[in-house]
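Enquirer: sharing a model that was predicted from the sequence below.
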Amino acid sequence: MINELYSPKQQSVLEFSLNTDFFMLINHGAKRSGKTIIDNDLFLFELKRVRKIADKLNIPLPQYILAGADLGSLQRNVLNELTNKYDIEFRLDKHNRFVLFGVQVCCFGHSKINDLGRIRGMTSFGAYINEGTMANKEVLYEIKSRCSGEGARIIMDTNSDSPEHYIKKDFIDKADGKIIKEVHWKLTDNTFLTKRYIDNIIATTPSGMFTDRDINGYWVTPEGIIYSDFNEKIHYIDNIDDINFVKYIAGVDWGYSHFGAIVVMGIDDKGNYYLIEEVAEQFKEIDFWVNEAKRIKAKYGNIPFYCDTARPEHIDRFKREHIKAIDADKAVVSGIEAVAKLYKANKLYILKPAIKRFKDEIYMYVWKEKADEPIKEFDDVQDAIRYAIYTSQNKKQITFGYNRIV
């Protein structure tokens, strides 16, 4: 029966949790490996355990911390999953608290330093930290210090990140199997995934760092060429005469002494992306970029220009000129991964006659040593491409209210 509920890796974690008096349990590694599923269930077990401790101490309403990158991610990753699995209805008060099994669960974001003040002062009988690597270091340490109630324990799940990340150095590397227990997860540890799904994920995950982290769950430093799956024999094309474009978007990376760039991307009816125009110049004032944007607008229509937010005055100028300028989502690793996935799946093509600077950059666009970001050289057209693709794929969704989680 238990084999129908949990994978072997999940069963081992469950057995450890129920039979060991640890302080911190960290499940870390690959995406979709089953970490959060078991931690969600352990969260329920922990609340029942806390209630028993509180009964012995005559504490009517013990507190427990539930923390995620933000309240929206807690809803998606934890509360909504538990509702779907166990039909539990969570009703939050105006302070983002709810009571379950006689324990008051206090929900917090942990990714920003301003989350710190909301946590200070409380005494907690434990914490469940979702998406640990997203946590601001000071906030996470404050959560840890608040777990001072008798028998308090912390459970955490997180995807792999840089080996220099403080979660890795301060906790995982110091795990002794008793006070701190770390469990490493690979994609293949999730035995409930179909072979087809696993094969497809492996086939479409970019090579290098992304495969090491997302498939194997390793904490590795990126190195070398960023788009290692780019193949000029495949991704360079000579014409676009037979392409049925259904949408156009543009990306903008401001520059002056280094290159500035505007790229135009066409998207066809199969979801393929094409770099069809590149403007890359040095020592050009904003008037030049306005004129280029107007030319592009006249050619392709009132398309969105996803702009580098480093120069808000330039974005304002675009808007005054009736150019549809939108702040780009500049998330570096996620944005690079979005572009790299398209190369890996052969869904991003470069119109060779239309580009010049791209050719200089593509094999010189490399990772900084021991850092999850590119070297700031030969990156201008590549950044513009990333802004266009990633922002268009990941438009912010508005969250309406948070009084009830269903």
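Expert: Right, received. Where do you want to start? Numbers count the residues shown, from 1 in each chain.
Enquirer: how about the residue nearest to the spatial centre of the chain: what's its closest non-neighbour residue?
Expert: Centroid-nearest residue in the chain, with Cα atoms, centre = their mean: residue 334, separated by 6.1 Å. Counting by Cβ to Cβ, 6 or more residues apart in numbering, residue 334 lies nearest to residue 390, which is 6.7 Å off, once chain neighbours are set aside. (Each C-beta comes from the backbone N, C-alpha and C, glycine too.)
Enquirer: check which helix or strand that neighbour maps to.
Expert: helix 380-393 (DSSP states H and E).
Enquirer: do the same with residue 250
Expert: Assigned by DSSP H and E, residue 250 belongs to strand 245-253.
Enquirer: show me the shaky parts of the stretch 301-406 of the chain.
Expert: Residues of the stretch 301-406 of the chain meeting the criterion pLDDT under 70: 396-406.
Enquirer: now do the strands in it.
Expert: 305-307, 325-327, 348-351, 404-405 (DSSP state E, counting those that start in this stretch).
Enquirer: residue 233 is nearest to which of those strands?
Expert: Among the strands of the stretch 301-406 of the chain, the nearest to residue 233 by Cβ to Cβ is strand 348-351 (11.8 Å).
Enquirer: which residues are in contact with the closest one?
Expert: Applying Cβ atoms under 8 Å, 6 or more residues apart in numbering, the contact partners of strand 348-351 are 235-240, 272-276, 339, 342, 358, 389.
Enquirer: buried ones only from these, please, as a ChimeraX command.
Expert: Buried members of the contacts of strand 348-351, defined by 16 or more other Cβ atoms under 10 Å, are picked up in ChimeraX with:
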select :235,236,237,240,272,273,274,275,276,339,342,358,389
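Enquirer: which of the contacts of strand 348-351 fall within strands?
Expert: Cross-referencing the contacts of strand 348-351 against strands under DSSP state E gives 236, 237, 273, 274, 275, 276.
Enquirer: quick one on the thing from earlier: show me what the helix holding residue 390 is packed against.
Expert: If you count contacts as 3 or more Cβ pairs under 8 Å, 6 or more residues apart in numbering; DSSP states H and E, helix 380-393 packs onto strand 245-253, strand 260-268, strand 273-281, strand 305-307, helix 332-344, helix 357-361.
Enquirer: any buried residues in it, and which?
Expert: By 16+ other Cβ under 10 Å, the buried positions in helix 380-393 come out as 380-392.
Enquirer: now, which of the residues you listed sits nearest residue 252?
Expert: Each of the buried residues of helix 380-393 was scored against residue 252 by Cβ to Cβ, and residue 384 proved nearest at 6.0 Å.
Enquirer: for the closest residue to that closest one other than its chain neighbours, give the beta-bridge partners.
Expert: Once flanking residues are discounted, residue 384 sits nearest to residue 251: 3.8 Å by Cβ to Cβ, 6+ apart. Legend: beta-bridge partners of residue 251 under DSSP bridges are residue 263, residue 306.
Enquirer: residue 251 contacts residue 275, doesn't it?
Expert: No: if you go by Cβ atoms under 8 Å, residue 251 and residue 275 don't touch, sitting 9.5 Å apart.
Enquirer: any residues in contact with both of those two?
Expert: Common neighbours of residue 251 and residue 275 (Cβ under 8 Å, 6+ apart) are 263, 265, 385.
Enquirer: would CSV of those with distance to residue 218 be doable?
Expert: Compiled in CSV, the shared contacts of residue 251 and residue 275 are given as follows (distance: Cβ to Cβ, whole Å):
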residue, distance to residue 218
263, 33
265, 32
385, 27
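Enquirer: which one of these is nearest residue 154?
Expert: Residue 154 lies nearest to residue 385 out of the shared contacts of residue 251 and residue 275, by Cβ to Cβ, at 40.7 Å.
Enquirer: contact partners for that closest one?
Expert: Each residue near residue 385 by Cβ under 8 Å, 6+ apart is listed here: 251, 263, 265, 275, 339.
Enquirer: circling back to that earlier point, of the helices and strands packed on helix 380-393, which stretch is the most buried?
Expert: strand 305-307 (a mean of 28; mean count of other Cβ atoms under 10 Å).
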